[in-house]
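> Sequence first, then the predicted structure:
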Amino acid sequence: MEIMVFFSLLLLVCSVSTNQTEADNEIVEQQISNQQPCPQDIHAVLREMAVSLAEQKVRMAFLEKENQAQVAKLKTEIKQLKLQFKEQEAKLETEIDQLELQCKVKQVAFSASLLDQGGLFIGPFNTQITLIFKRVVTNIGNAYNPHTGIFTAPVRGVYHFEFHIFGHGGTPVGAYMFRNGDKIFIAYEHSTSGELSASNGASLLLEAGDQVSVRLLTGRRIYDNQAHHTTFSGHLIFTM
């Protein structure tokens, strides 16, 4: 009898244990099922990632384009700066050359008469001619050219010039002093007899390269001989 009771209790315990184990397994399976993601959630995540990736690509493309524009702008600015530097360098070199020339050329003076020897009437002509003063007495700085009769300013500055003309009555004497192509002053005299003379002078601001000369007026006549009546002179007063 006791043995039967023991077996009955043993069967009851095993049954309870088996039911408990099965219940625990169901709970674990339910938890695992709850932890596994739903396919719809995965698609949503993928869509968000795709949108984010597209936004990143658009931003990268914009930044790349902006960077290219900045590089192009920088290259243009560099070219402009190089060009400005070259222009300033050329200007500075010119100014340095002018200053060096001014330092070297501090004394300029010349005097010349119309004829080197003999006596001669010149004119009248039906057009103006540049008088060539051939007998050079002084030509410091070599600014006066005895072959052309033209004085060329070596530096920018103020120069003083004088010219004297001589002739005989019957035909007027007259001459203009020119700066480049502009008339400055005239010397003129007219008489039916006797000797004639006229003179004039001017102080001129000249740029380097400006030219000064004396031209015989149309229809006028002058004379010169070994006494050197007809002359042209000039000198630099100061540089500017």
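Looks like it arrived, so ask away.

> which regions of this protein lie under the pLDDT threshold?
In the predicted model of the chain, residues 1-39, 100-105 satisfy pLDDT under 70.

> got the domain boundaries for it?
With automatic domain parsing as the criterion, the domains of the chain are listed as 40-104, 109-239.

> out of these, deepest packed?
For the domains of the chain, average neighbour numbers computed from mean count of other Cβ atoms under 10 Å are highest in domain 109-239, which has a mean of 17. To be clear about C-beta, it is placed using only N, CA and C from the backbone, and glycine gets the same treatment.

> Partner strands of the helix or strand hosting residue 196 and their direction?
The secondary structure element spanning residue 196 is strand 195-206 (assigned by DSSP states H and E). Sheet partners assigned to strand 195-206 using DSSP bridges are listed as strand 157-168 (antiparallel).

> gap between the strand it pairs with and the chain center?
Here the centre of mass of C-alpha atoms in strand 157-168, compared against the chain's by Cα atoms, centre = their mean, to the nearest Å, lies 40 Å away.

> helix or strand right after that strand?
Strand 157-168 is succeeded, C-terminally, by strand 173-179 (DSSP H and E).

> Tell me the strands beside that following strand, with direction?
Sheet pairing for strand 173-179, assigned by DSSP bridges, gives strand 182-189 (antiparallel), strand 211-216 (antiparallel).

> Mind listing residues that contact the longest one?
Going back to what we said before, that points to strand 182-189. 163-165, 167, 172-178, 196-202, 204, 212, 217, 220 (Cβ atoms under 8 Å, 6 or more residues apart in numbering).

> Quick check, central residue of the protein?
residue 87 (3.4 Å; Cα atoms, centre = their mean).

> Is that one located within a strand, as I assumed?
No - Residue 87 is assigned helix when assessed by DSSP: H, G, I helix; E, B strand; the rest coil, not a strand.

> and it, how far is that from residue 63?
Applying Cβ to Cβ, to the nearest Å, one obtains 36 Å for the distance of residue 87 from residue 63.

> Not counting its neighbours along the chain, what's nearest residue 166?
With Cβ to Cβ, 6 or more residues apart in numbering as the criterion, residue 166 has its nearest non-adjacent residue at 3.3 Å, and that residue is residue 229.

> wouldn't that neighbour be in contact with residue 196 here?
No - using Cβ atoms under 8 Å, residue 229 and residue 196 do not qualify as a contacting pair, with a distance of 10.1 Å.

> which residues are common contacts for those two?
residue 166.

> Give me the angle between the helix or strand that contains residue 44 and strand 157-168.
Per DSSP H and E, residue 44 falls inside helix 39-104. Using axes from the mean of the first three to the mean of the last three Cα atoms, to 10 degrees, the direction of helix 39-104 lies 40 degrees away from that of strand 157-168.

> Name the next helix or strand downstream of helix 39-104, please.
For helix 39-104, the following helix or strand on the C-terminal side (DSSP H and E) is strand 109-113.

> Quick check: next helix or strand after that next one?
Once strand 109-113 ends, the next helix or strand along the chain (criterion: DSSP H and E) is strand 120-122.

> Residues touching that following strand, excluding its own?
With Cβ under 8 Å, 6+ apart as the test, strand 120-122 has contacts from 114, 131, 167, 216, 221, 222, 223, 224, 225.
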